[in-house]
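# Pasted the sequence and its predicted model underneath.
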Amino acid sequence: MYLKRFLITVFILAFMLGNFSCKKDFSKISTSDWKPEIAAPFIHTTIVLNNLFADDSNLVTQADSTLIYFYHEDSVFKISADTLLEIEENIHQEQMFSLGELYMPSFGFDTDFTLNDILPYLDQEVQDTLIEYNGTENYFPPFSILEQITVDTEAIDDYVELTFSRGKLFVELSNGLPVALQNIDFNVVDVNNNFIIKNIFVTELLPDEQLLDSTDISGLTLGNKFAFEINSFENQGSFPDKVFIDLEEGLLFGLETRNLEVINGMAKITEQIMYSEISWIDIPVDDQQLFNILFSDGILTYNLHSDLNVGIMVNLSLPSSEINGNIPSQEFDLTAGGNVNEQWDISGMSTNLTTDPAQNFNRMPVQLEILILPTNYIVEFDSSDNVNGFLSMEELTIGYADGYLGQQIINISQDTLDFNFDFLKNLEGELILEEPSMTIDYTNSIGVPIRIKTELFGINTQTGVSQYLEYDSVDIVIPSEIGGEADGEILIDKYNSSIVDFMAFRPDRIIYYGGGITNPDGYSINFIDDNDKLIGNSELKIPLILRADHLSFSDTLAFSGSSDDIPLEEGLMQLNILNGFPFDLDMSLILSDSISGQTIDEIVFENIASAIVDDNGKVSEKILSEIIVEFDELFLENMKISNRILLEVETSTFENGSVPVVLYSNYEIKIAIGFLVKLSP
């Protein structure tokens, strides 16, 4: 019987993540120690752990020789500022300004009513006496007027007719006669409307005494011409005293108005403020309370149409806003019955939205002053005459905002991470990765608290197995100041997720989606700039720290056979192995048919001890094992008919898979297999 050279393929299936190393001198293992009748070395080889893995660019050997699977994907999610802060591009507000009450200047006049004017209304004897004694001291005759006397006044040039909403009319009567007057009864009359404004009765008015009376003219419509209708008055004469009689002396009627406001009429209009108030534009944002805002772009348009018969001047300003350090304002004239359309670019305008005492957020003040221009002619007007306004803020984009941005739901669009574990494709068996982790590194410049929860759904496209990765939601770190950035990471590991079970079925595709919520803990002060963003980059890191059971691997071994002319009968096969792997091993030498794959015969070397592992899961000492098994003539016959010899190894990690181990790329096993045979006679 002769040994022939056989092609031996050692097929190693192992799900191992690490590096192997060995420094023990394997030269001590030698067939010279076996003392056979004939010692025939058969296999002498070294298996290095790093050589057992298929090529995979994602499997990285680190500086300390540990192995780690590393997968990186940029921009797995991105949240931009416009996701969190959106306002309507156009804001419209209509306004109507009624003319309302106009201020009118006070007016008044004095009218003399002398004895000469009174004479025609006295009896003839009194007339004669007064004429006779005119310019002398004498007894003043008693008298009473015989009929009503009307004292007309001159018309007022500044108006034709007015309806007063407010005003006082003051009437003055002075006695310029040298005798007391009794039972004075007179009316103040609106001549144009034949209307008695006020009736006044005075029991007695002494010489040089003055009467002052008033009446409220609110609600009255009055013309521009007045009269005093004297119904009666009398005197008792001066006897026994003589007085100086002067026919140019008499009564003085005075009329004066004060605090006049009118709602309609025909008059000359003086310059005055028609409207001067702040109106408020509500910034349309949902459940947000903005304090300050910067418009990076925008146009403000103000359209006015006047139904007035007078010209006006309009001053429009935004008192809580600034552009280049100045309050935006415009001034323009609007002719009677005219239109104007004014606009300005508000790009770069910052606005304080907190100045409304009733609501200190989301409110932008607009100061509008309408000044009525004076007329030198009579115009007709009514308080219901309008100026119609239309304010529009258009093409708005937000450059910056602060305040409370509310609790908003954020959606992360679905996407897919495609990766593979090519280095595991030759591995079979039960394997548990102890320290897998997925890290999403992010950079955040958005000053808004965000809590993110991303759903991860893994699929093994080869087996069809799928599973969700369950993990806790994460709060994103925010910058401490405007323009700053905060770096952070979302770490998904065995302490906050089911990633160990998730990676156990070897997903090669992860579908991710999900979302988050802003201000998850409620009210806080936020800030955001239009360039702010939150960008997350994903890294999958799997240090090859594992527990495994019934894991198999193989390698192609070099071997040598005996001389063809040496007859073999039976004998022993000896395995000398220096194990630098942190695995307990069972090794089988299998004779097979490479075409059919059928096993013809095998020899098993059992209970090969693992290398010693320290508390950190690292091999601390290699273990030398020597195992001898018998073979018979049938095995030798089977060797002749087989065309492939496989060396299969089944492993468990240290202490039967109960202790996690770290795989190093330079871990190794040194193997020597030889025959102890008898020669055939």
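Done, it's in.

# Please, where are all the strands along the stretch 551-681 of the chain?
Listed in chain order, the strands of the stretch 551-681 of the chain (DSSP state E, counting those that start in this stretch) span residues 568-579, 583-592, 599-608, 612-613, 619-621, 623-631, 644-653, 661-662, 668-679.

# partner strands of the third one, parallel or antiparallel?
Think strand 599-608. Paired strands of strand 599-608, with direction, are strand 583-592 (antiparallel) (DSSP bridges).

# residues in contact with the partner strand?
548, 551, 573, 575, 577, 579, 598-611, 635, 638-639, 642, 644-656, 661, 673 (CB atoms under 8 Å, 6 or more residues apart in numbering). Heads up, the C-betas are built off the backbone N, CA and C, glycines and all.

# Name only those of these that count as buried.
548, 551, 573, 575, 577, 579, 600-601, 603, 605, 608, 610-611, 635, 638-639, 642, 644-654, 661, 673 (16 or more other CB atoms under 10 Å).

# ok so, going back, out of the strands of the stretch 551-681 of the chain, which gets nearest to Glu172?
strand 661-662 (113.9 Å; CB to CB).

# helices or strands up against the closest one?
strand 545-553 (3 or more CB pairs under 8 Å, 6 or more residues apart in numbering; DSSP states H and E).

# What's the separation between the residue lying closest to Leu222 once chain neighbours are set aside and Ser498?
Using CB to CB, 6 or more residues apart in numbering and skipping residues adjacent in sequence, the residue nearest Leu222 is Asp190, 5.0 Å away. Applying CB to CB, to the nearest Å, the value for Asp190 to Ser498 is 96 Å.

# Looking at these two, which is more packed in?
The neighbour comparison of Asp190 against Ser498 (other CB atoms under 10 Å) goes to Asp190, with 19 against 15.

# residues of stretch 150-165 that come out buried?
Buried residues in stretch 150-165, counted by 16+ other CB under 10 Å: 151, 153, 156, 159-165.

# With stretch 524-534 instead?
Neighbour-count burial for stretch 524-534 [16+ other CB under 10 Å]: 526-530, 532-534.

# now stretch 166-176
Quick answer for stretch 166-176 (16+ other CB under 10 Å): 166-169, 171-176.

# now, among those residues, which is nearest to Asp110?
Minimum separation from Asp110 among the buried residues of stretch 166-176 (CB to CB) is found for Glu172, which lies at 7.9 Å.

# who are the neighbours in contact with that closest one?
Contacts of Glu172 by CB under 8 Å, 6+ apart are 110, 210-213, 252-256.

# Quick check: what element follows the helix or strand containing it along the chain?
Element membership for Glu172 (DSSP states H and E) is strand 159-175. Helices and strands here follow DSSP H and E; after strand 159-175, the next one along the chain is strand 181-190.

# With adjacent residues omitted, what lies nearest to Asp82?
In this structure, Asp82 finds its nearest non-sequential neighbour in Asp530, 7.1 Å apart by CB to CB, 6+ apart.

# Check the gap between the one you found and Thr397 for me.
For Asp530 relative to Thr397 (CB to CB), the value is 7 Å.

# Tell me where the protein has helices.
Using DSSP state H, the helices of the chain run over 81-84, 115-118, 124-133, 499-504, 633-641, 654-657.

# Please work out which residues outside the longest one touch it.
Residues outside helix 124-133 that contact it (CB under 8 Å, 6+ apart) are 115, 119-120, 122, 139, 141-143, 245, 247.

# Would you mind checking these for buried ones?
Applying 16+ other CB under 10 Å to these flags 115, 119, 122, 141, 143, 245, 247 as buried.

# Thanks a lot, catch you later.
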